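Participant: One predicted model, sequence on top.
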Amino acid sequence: MTILDTAPSCAKSGDTYHFGRYKEAISTPNIDAPGLLASWKLKRWHYQSLLTPQYFFAFALVDLGYAAKVFAYLVDRAHLTEKKEYSCLSPLARGLEFADSSVCGQSVWEEGPNRLSVSYRNGWHVDVDLRLDKSRIHGSFSVENEEAMALLFKLPNGQPAYTHKAAGLRAHGSLFVDHAAIDLREAVASLDWTRSVALRETRWLWCSLQGYNLRGYRIGLNLSSLVYDDDDGNSQENALWLDGQVYPLGGVTFSLPVNPRTQPWRIRSSDPSRAEVDLVFTPYGTREEQLNLGIMMSSFIQPYGSFQGTICATAAGLPPLSVDGLFGVVETHHSLW
């Protein structure tokens, strides 16, 4: 599937979906679930991470229809095995207002003294005030909008899924942990904004990293398997970002260890003749959650850590790029929702 420079303004015109890959967001992803309990079948989330030389901060606003799940965590890179965390499950998604698009509107979460909002104004503006265990993260930061991997995909059940991925995005702002300011002068960020009529049973493997490599390139990477795969088993959302420009990548194979929380992962191109991805991921810690609400079940394991190896976009003629020491996450996810 090629990637087009210009996206349609809407995901659907009449009864026709504009399935494809685009370098810019679809401003109106008008995807709705059919039939009874339609709002419960539609799944939406906004995941964002922020990386600085000192900290890694990530949050997710998740609307399942019948519930909202919001989490955030902070890792001090000088103490990698420790993390500070916020997590809340809200029945019927009370307290969560979710934007209709990744590039329009505002998502807001409020729960007691905790507040998180994301609005779009030529980029994403995040206001945060959350209690992370015994600490507090507060302030605001902005993330620039550069080229996207925006995918409108037809799932095996015939229903549509739309996801806007981006990584290695420049970020700036004023953010504090308790009374200490976080230096955002070299900050980079990632984005996963999704609206999907997801399969009742959904699985995926996922990888995201961002940062500056030793040669000074600003790099972002998004890789997945099992969720947006074509007939040959190649994910259609795999992409490399180099200084803000996006380059599609081929399919990858995730080799998981016996203990994915503590042992290294291997991620390599599925087609050895392309050899675009050859990575080893070493976990430092994990954010995980096991939920069973009767009508839904979710098993989520997201180790964070560092990568070694190389990536390249052979179709674009790029040479291999070292990602040695770059920070990011991997994830294994299984949901019945």
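Facilitator: Arrived safely, thanks for sending.
Participant: Only C-alpha atoms from now on, for both contacts and neighbour counts.
Facilitator: Noted.
Participant: now for the helix or strand encompassing residue 62, which elements pack on it?
Facilitator: Taking DSSP states H and E as the criterion, residue 62 maps to strand 55-63. On a contact count with 3 or more C-alpha pairs under 8 Å, 6 or more residues apart in numbering; DSSP states H and E, strand 55-63 meets strand 42-51, strand 67-76.
Participant: Out of these, the one nearest residue 280 is which?
Facilitator: Closest approach to residue 280 among these (C-alpha to C-alpha): strand 42-51, 19.5 Å.
Participant: What average pLDDT does that closest one get?
Facilitator: Strand 42-51 carries an average pLDDT of 97.
Participant: go on, stretch 288-297?
Facilitator: 87.
Participant: one step back: what are the pairing partners of the strand holding residue 62, and which direction each?
Facilitator: The pairing partners recorded for strand 55-63 under DSSP bridges are strand 42-51 (antiparallel), strand 67-76 (antiparallel).
Participant: I'd like those strands as JSON lines, with distance to residue 197 appended.
Facilitator: Formatted as JSON lines, these follow (distance: least, C-alpha to C-alpha, whole Å):
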{"stretch": "strand 42-51", "distance to residue 197": "5"}
{"stretch": "strand 67-76", "distance to residue 197": "16"}
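Participant: could you dump those strands to TSV with distance to residue 105 and mean neighbour count?
Facilitator: As requested, the strands paired with strand 55-63 are exported to TSV (distance: least, C-alpha to C-alpha, whole Å; neighbours: other C-alpha atoms under 10 Å):
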stretch	distance to residue 105	mean neighbour count
strand 42-51	13	23
strand 67-76	18	20
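Participant: So for residue 193, which of those strands sits nearest?
Facilitator: The nearest among the strands paired with strand 55-63, by C-alpha to C-alpha, is strand 42-51 at 4.5 Å.
Participant: what's in contact with the closest one?
Facilitator: 32-33, 56-65, 171, 187-198, 210-211, 327 (C-alpha atoms under 8 Å, 6 or more residues apart in numbering).
Participant: Do I have it right that residue 314 meets residue 277?
Facilitator: No. Between residue 314 and residue 277 there is no contact under C-alpha atoms under 8 Å: 10.1 Å.
Participant: which residue ranges form the helices in the chain?
Facilitator: For the chain, the helices defined by DSSP state H occupy 38-41.
Participant: For it, give me the ranges with low pLDDT.
Facilitator: Within the chain, no stretch falls below the threshold (pLDDT under 70).
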